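Colleague: fold the stuff below for me.
(one chain, ligands or ions: 1)
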Amino acid sequence: MTLPAVFTSLRCLDHEPGSAHPESPERLRAVHRAVRAEDPTALREAEPALAEALERVHPARYLDHLATLASSGGGMLDYDTFMSSASFEAARAAAGAALAAVHHAHEGRGHAFAAIRPPGHHALRETAMGFCFLANAVIAARQAQALGRHRILIVDWDVHHGNGTQALVERDPSVRFVSLHQWPLYPGTGAASERGVGNVFNIPQPPGLPPAQYVADLRQGIASALAGWKPDLVVISAGYDSMQGDPLAGFTLEPSHYPDLIESLRSSCPGVPIVGVMEGGYVPERLAAGVLATLKALI
Ligand SMILES: [Zn+2]
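Modeller: Model prediction:
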């Protein structure tokens, strides 16, 4: 089966948060294997993000701080976010793959996916947290806007609330943000009452949420965000830790549910390019199965 374009970088494998850390290189290796087995032509190596694209979201002093820390061997940025010497280059590579996916989709060459790590949706403007250094989904959204796609819908189906994404867009009505997440759970944000400037649509739900309810709730969130508003491009913060058996959370999705989510987006935003940006998912083979199901639905 011919899959949509999957942008990635081998440099993303070089980020080493520690052998016991759930955000392991094996996650991305499993995704690479699954994509290659289905369509050996789908994977494309992207160039690392340039400073111009990163600085639309993060100030240069923060990027310099990360680069300096990496060049001195790395270190701890918060209690679960560790940097190795290659981590900044891995993060730049991850953002670069997200940017390449935006360009591909913007140019009308089809929906696209960025198979990347480290993830990004917890990263704040000047703060790394929750395994995340750079806010890949927002960097992707800002790139799309620089290309002339003004209204961006970001749908975050990672099990955790995308607090970084929300913080970076919540005062900007050109971006709408929908997040369905387990609550309470890390990082503790994402109440339904957090509405930004009317552009934030949070759907917090307890663990054990049945898949049919998950799909219905996310569909409703997307419908609310799209009421009277049509995006020029959709970015998915595509985390797969909402799946049954994930060690970090308690939702119950199976790979077969991701096509339902994609179909909901495709039918509510016909003709609008979709860019998936990989976030969490901590059982490598399950993550790979979820990504593959998503890719098949994006064909
Ligand atoms: Zn997550």
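Colleague: all helices of the stretch 51-200 of the chain, in order?
Modeller: Assigned by DSSP state H, counting those that start in this stretch, the stretch 51-200 of the chain shows helices spanning 51-54, 60-71, 87-106, 136-146, 163-169.
Colleague: mean pLDDT and distance to Ala34 added to those helices, as TSV?
Modeller: Bear in mind the C-beta positions are built from the backbone N, C-alpha and C, glycine included. Rendered in TSV, the data for these read as follows (pLDDT from 0 to 100; distance: least, C-beta to C-beta, whole Å):
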stretch	mean pLDDT	distance to Ala34
helix 51-54	98	28
helix 60-71	98	29
helix 87-106	98	17
helix 136-146	99	20
helix 163-169	99	26
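Colleague: ok, now which ones touch the closest residue to the ion within the stretch 151-299 of the chain?
Modeller: Nearest residue of the stretch 151-299 of the chain to the ion: Gly280, at 2.9 Å (C-beta to the ion). Taking C-beta atoms under 8 Å, 6 or more residues apart in numbering as the definition of contact, the neighbours of Gly280 are 23, 119, 131, 158-160, 239-241, 248.
Colleague: within reach of the ion, which of those residues are there?
Modeller: Near the ion, taking C-beta under 5 Å from the ion as the test, the members of the contacts of Gly280 found are 158, 160, 239, 241.
Colleague: TSV for those residues, including neighbour count and pLDDT?
Modeller: Putting the ones next to the ion among the contacts of Gly280 into TSV (neighbours: other C-beta atoms under 10 Å; pLDDT from 0 to 100) gives the following:
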residue	neighbour count	pLDDT
Asp158	27	98
His160	29	98
Gly239	26	98
Asp241	29	98
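Colleague: and the gap between the closest residue to Pro231 other than its chain neighbours and Gly271?
Modeller: If you skip the residues right next to it in sequence, Pro231 has Leu153 as its closest partner in space, 3.9 Å away by C-beta to C-beta, 6 or more residues apart in numbering. To Gly271, Leu153 is 13 Å away according to C-beta to C-beta, to the nearest Å.
Colleague: least trustworthy helix or strand in the chain by mean pLDDT?
Modeller: strand 75-78 (a mean of 93; mean pLDDT, DSSP states H and E).
Colleague: for that one, buried residues please.
Modeller: Of the residues in strand 75-78, those scored as buried under the neighbour-count criterion (16 or more other C-beta atoms under 10 Å) are Leu77.
Colleague: so what does it touch, helix or strand wise?
Modeller: strand 81-83 (3 or more C-beta pairs under 8 Å, 6 or more residues apart in numbering; DSSP states H and E).
Colleague: touching the ion at all, the strand it packs on?
Modeller: No. Using C-beta under 5 Å from the ion, strand 81-83 never reaches the ion; the gap is at least 13.0 Å.
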